[in-house]
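[1] Fold the following and give me the result.
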Amino acid sequence: MREVSQEGTALGRFYEHSKNDPEKIVQRSIDKTTGELKETSLSALIYQTTQIASNFKSVGLAPKDILLIHGSNRSEWVNLALGAQLARGIAGGVYLGTSADDVAYALELTKAKFFAVENEKQLYDLFGKNLERIPDNLQKIILMDKPEQKINNPRIITFEQLIVEGRAELSMSNRDFESLLRAVNPDDPSILFLTSGTTGKPKAALWSQKTLTTNVDNILEHWMKDGIPEDFTTLSFLPMNHIVETVMSFGFASTTGGLNFFSSGVSRLKDELAEVQPTAGLFVPRLWENMMMGVESQVSKAPAKKQKIFRWAHGVGKRYMAEKLTTGRASIKTALMYRLADKLVLQKVRHKLGLDHAHTLASGSAPLRKEVIEWFHGFGIEILEAYGQTEAGISLMTKRGEHSAGTVGESIPNVNVKISEDGELLIKAGSNVMLGYLNNLEATEKVIVDGWLHTGDLVELDKGGRIKIIGRNNDRIKLQDGIYYLPSPIEAELKKLDSVEDALVVGNGKEELTALIVLKSEIRERLIAEGKQDGDLLKDPEVLAAVQIQIKELNKRLKAEKIGGENGSFIKHIVLISRGFSEEKGELTKTLKYRRHIIEYNFRDIIR
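    Okay, the predicted model is just below:
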């Protein structure tokens with residue numbers, strides 16, 4: 001085991017590791033053009049970063065100038081950002097697939113002088129076939145892939161050219177990594193995140209290098225109390241500009257000196273997880289849920305005898321984990337049964353999921369349903385739940401060896417939190433919290449008040465003193481009678497119903513609550529094949545009767561358990577729809593959060 005590095009920047013941490021083990025491979029990927037394996041050693045990473053920084057400085061990147069990157073998960077993304085940061089600039093990203101209009105907004109918002117894109121197709125899609133939409137303030141656009149034909153524009157340069165010119169600049173100057181690093185102030189703005197924009201246009205949150213390293217050290221102190229394993233391996237697949245991926249690909253990678261494998265994309269993710277077998281992972285709920293549904297789908301198609309063996313083994317695994325989490329150890333009988341179940345079934349499933357070597361796993365970005373956590377318990381997999389946001393990184397996490405499903409635990413080391421009188425979670429503004437929003441003092445002062453970051457999340461404590469997120473302050477629904485309801489807890493209960501794949505509760509200014517319900521895919525596919533549309537689904541007597549019976553039972557529980565409101569809640573109306581909520585239609589953010597006002601508008605004609 002190694003101790004956590006105390007260097008104050010990701011750059012410095014990579015450099016320290018390079019001095020100890022220069023030829024260690026820290027980046028690996030499959031080249032999307034040639035299909036060949038690409039690897040980067042620590043020494044190559046340091047040299048390439050130095051070349052990039054030298055080029056940026058030579059073409060006019062000044063301290064706090066901004067580089068925005070629009071691309072998939074790849075070493076060039078990370079190394080461009082590190083190079084800009086080594087030149088004392090600020091690096092951030094735009095979600096892959098963002099529209100040309102939204103990219104233009106991001107460039108205007110940030111006043112970025114440098115921009116990187118994946119390839120020439122992206123270049124022309126974003127800026128026009130004659131590149132007539134390139135903003136005047138952009139000094140350089142970097143193409144990560146070599147174009148098929150030369151582009152005659154002095155502001156456009158390939159990644160390969162950037163490296164060659166940077167190497168030439170280095171040979172003619174006295175610059176080296178150490179001299180550039182000495183000029184980097186860990187407290188200066190260095191990383192930029194565009195917020196998800198659930199209620200309006202995104203803002204640009206600024207982190208320093210110290211914000212990143214503080215977050216990483218706090219997480220690792222909580223996560224890995226016995227030190228960092230030598231085989232630390234991660235798979236990079238979340239959007240590169242998501243805070244979770246930044247923590248993984250920049251923070252964890254630099255602090256541990258471990259291997260980061262860049263995914264080829266969603267279509268290859270399942271296979272790559274099995275191939276890479278990461279030892280640590282901080283994933284989003286959608287991935288955990290997809291894993292669970294994938295296994296269950298395969299099991300449902302297996303012969304009855306195999307299904308029976310799987311259910312027995314999975315049940316043993318659940319019992320084994322329940323005993324461990326309740327008493328600290330499983331009984332001898334359960335432990336022996338688990339050993340057999342693991343050999344016959346559980347280890348094989350873990351391997352197929354890519355989790356057979358994983359020793360540290362967590363879920364973040366949104367709540368993970370209790371039943372999903374307990375399903376993974378059946379394979380001996382413990383998933384910690386983490387809470388974080390763009391403005392403060394990861395601040396809360398559950399503990400190993402505890403029954404804490406449905407909560408986000410307690411604050412991690414060196415993070416102070418409190419709950420305001422109206423139930424909002426507040427985080428003490430220290431080096432773990434953002435510096436502020438770029439060029440937006442008014443917005444910054446609205447969220448950081450008297451030294452505390454107002455998260456906008458409403459919380460409550462469970463019996464063990466752990467924090468449970470119950471909804472967003474801005475999402476509260478106010479009915480005509482003046483009573484407020486929180487939609488998120490109601491939606492979580494709706495999603496547990498057999499027929500419901502997704503759900504959204506609406507009702508602002510109305511007399512009663514209405515639930516927009518997305519039916520399970522197999523039900524939707526059957527109805528669509530019969531020619532039914534959104535409004536027609538309500539007329540299907542079989543489906544409607546089944547859902548109404550479930551809603552009736554759910555309403556009893558919402559009242560009895562006081563879910564969604566001070567005295568519980570009651571779903572008066574349901575609207576069944578034939579499609580899921582869509583990112584393309586603006587109903588979901590890039591991080592798959594609801595844009596409630598857009599969903600309500602898009603379905604306004606069928607909402608009661």
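
[2] In this structure, where's the longest helix?
    In the chain, assigned by DSSP state H, the helix with the most residues is helix 304-327.

[3] what mean pLDDT does the following helix or strand past that helix have?
    If you walk from helix 304-327 toward the C-terminus, the next helix or strand you reach (DSSP states H and E) is helix 332-341. The average pLDDT for helix 332-341 rounds to 96.

[4] In the stretch 101-250 of the chain, what residue spans correspond to strands?
    114-117, 140-143, 156-158, 189-194, 204-208, 233-236 (DSSP state E, counting those that start in this stretch).

[5] Specify the local secondary structure of Leu68.
    strand (DSSP: H, G, I helix; E, B strand; the rest coil).

[6] I'd like to know how many residues surround it.
    26 (other Cβ atoms under 10 Å). C-beta: built from backbone N, CA, C; applies to glycine.

[7] Can you get me a residue count around the nearest residue to it once chain neighbours are set aside?
    Leaving out its chain neighbours, the residue that sits closest to Leu68 by Cβ to Cβ, 6 or more residues apart in numbering is Ala112, at 4.4 Å. A total of 25 residues lie near Ala112 under the criterion other Cβ under 10 Å.

[8] With Arg286 instead?
    By the other Cβ under 10 Å criterion, the neighbourhood of Arg286 contains 14 residues.

[9] Quickly find the element holding it.
    With DSSP H and E as the criterion, Arg286 is inside helix 285-300.

[10] Quick one: list the elements packing against that helix.
    Counting contacts by 3 or more Cβ pairs under 8 Å, 6 or more residues apart in numbering; DSSP states H and E, helix 285-300 is packed against helix 304-327, helix 347-353, helix 370-377.

[11] 10 Å instead?
    Helices and strands touching helix 285-300, as assessed by 3 or more Cβ pairs under 10 Å, 6 or more residues apart in numbering; DSSP states H and E, comprise helix 266-276, strand 280-283, helix 304-327, helix 347-353, strand 360-363, helix 370-377.

[12] what about it, distance to the chain center?
    When C-alpha coordinates are averaged (Cα atoms, centre = their mean, to the nearest Å), helix 285-300 and its chain have centres 18 Å apart.

[13] ditto for stretch 231-243
    Counting by Cα atoms, centre = their mean, stretch 231-243 comes out at 9 Å from the chain centroid.

[14] so how far is the first residue of it from its last?
    Across stretch 231-243, the terminal residues are separated by 23 Å (Cα to Cα, to the nearest Å).

[15] what about that stretch, average pLDDT?
    Stretch 231-243 shows an average pLDDT of 91 in the prediction.

[16] list the buried ones in it?
    Taking 16 or more other Cβ atoms under 10 Å as the basis for neighbour counts, the residues of stretch 231-243 that come out buried are 232-243.

[17] Surely the residue nearest to Leu68 is in contact with Pro135?
    Yes - applying Cβ atoms under 10 Å as the test, Ala112 and Pro135 come out as touching, 8.4 Å apart.

[18] so which of the helices and strands packed on helix 285-300 is the most packed in?
    Ranked by mean neighbour count, those are led by strand 280-283 with a mean of 23 (mean count of other Cβ atoms under 10 Å).

[19] so what does the worst-scoring helix or strand of the chain on mean pLDDT touch, helix or strand wise?
    Ranking every helix and strand in the chain by mean pLDDT, DSSP states H and E puts helix 521-529 at the bottom, with a mean of 74. Counting by 3+ Cβ pairs under 10 Å, 6+ apart, the packing neighbours recorded for helix 521-529 are strand 500-506, strand 513-519, helix 541-560, strand 571-577.

[20] what's the offset of the second one from the middle of its chain?
    Centroid separation between strand 513-519 and its chain, computed with Cα atoms, centre = their mean, is 26 Å.

[21] can I have that strand written out in PDB, keeping just the CAs?
    Presented in PDB, the C-alpha positions along strand 513-519 are these (Å, rounded to 0.1, in the frame of the first residue of the first chain):
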ATOM      1  CA  LEU A 513     -51.200  15.800  -8.200                       C
ATOM      2  CA  THR A 514     -50.900  14.100 -11.500                       C
ATOM      3  CA  ALA A 515     -48.300  11.400 -12.400                       C
ATOM      4  CA  LEU A 516     -46.900  11.200 -15.900                       C
ATOM      5  CA  ILE A 517     -46.000   7.500 -16.200                       C
ATOM      6  CA  VAL A 518     -43.700   5.900 -18.700                       C
ATOM      7  CA  LEU A 519     -44.700   2.200 -19.000                       C
END
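
[22] what is the mean pLDDT for that strand?
    The predicted confidence, averaged over strand 513-519, sits at 90.

[23] cool, the third one as well?
    The predicted model gives helix 541-560 an average pLDDT of 88.

[24] Check the last one too.
    The predicted model gives strand 571-577 an average pLDDT of 87.

[25] So which bits of the helix or strand following it are buried?
    Read in the C-terminal direction, the helix or strand following strand 571-577 is helix 596-602, with elements assigned using DSSP H and E. By neighbour count on 16+ other Cβ under 10 Å, the buried set for helix 596-602 is 596, 598-600, 602.

[26] Next one: Leu162 from Ser54, what distance?
    In this structure, Leu162 lies at 10 Å from Ser54, with Cβ to Cβ, to the nearest Å as the measure.

[27] now do Glu118
    With Cβ to Cβ as the criterion, Glu118 and Ser54 are 24 Å apart.

[28] ok, those two, which is more surrounded?
    Comparing Glu118 with Ser54 by other Cβ under 10 Å, the one with more neighbours is Ser54, at 27 against 19.

[29] For whichever strand or helix holds the more buried one, what is the distance to the chain centroid?
    The secondary structure element spanning Ser54 is helix 42-58 (assigned by DSSP H and E). Taking Cα atoms, centre = their mean, one finds helix 42-58 lying 28 Å from the centre of the chain it belongs to.

[30] That one - what's its average pLDDT?
    Averaging pLDDT along helix 42-58 gives 96.

[31] by contact count, what packs against that helix?
    Under the contact criterion of 3+ Cβ pairs under 10 Å, 6+ apart, helix 42-58 touches helix 10-20, strand 25-30, strand 37-41, helix 75-86, strand 140-143, helix 159-172, helix 177-182.

[32] mind redoing it with 7 Å?
    Under the contact definition 3 or more Cβ pairs under 7 Å, 6 or more residues apart in numbering; DSSP states H and E, helix 42-58 sits against helix 10-20, strand 25-30, helix 75-86, helix 159-172, helix 177-182.

[33] which residues touch the fourth one?
    The set of residues external to helix 159-172 that reach it, using Cβ atoms under 7 Å, 6 or more residues apart in numbering, is 48, 50-52, 54-55, 58, 76, 142-144, 146.
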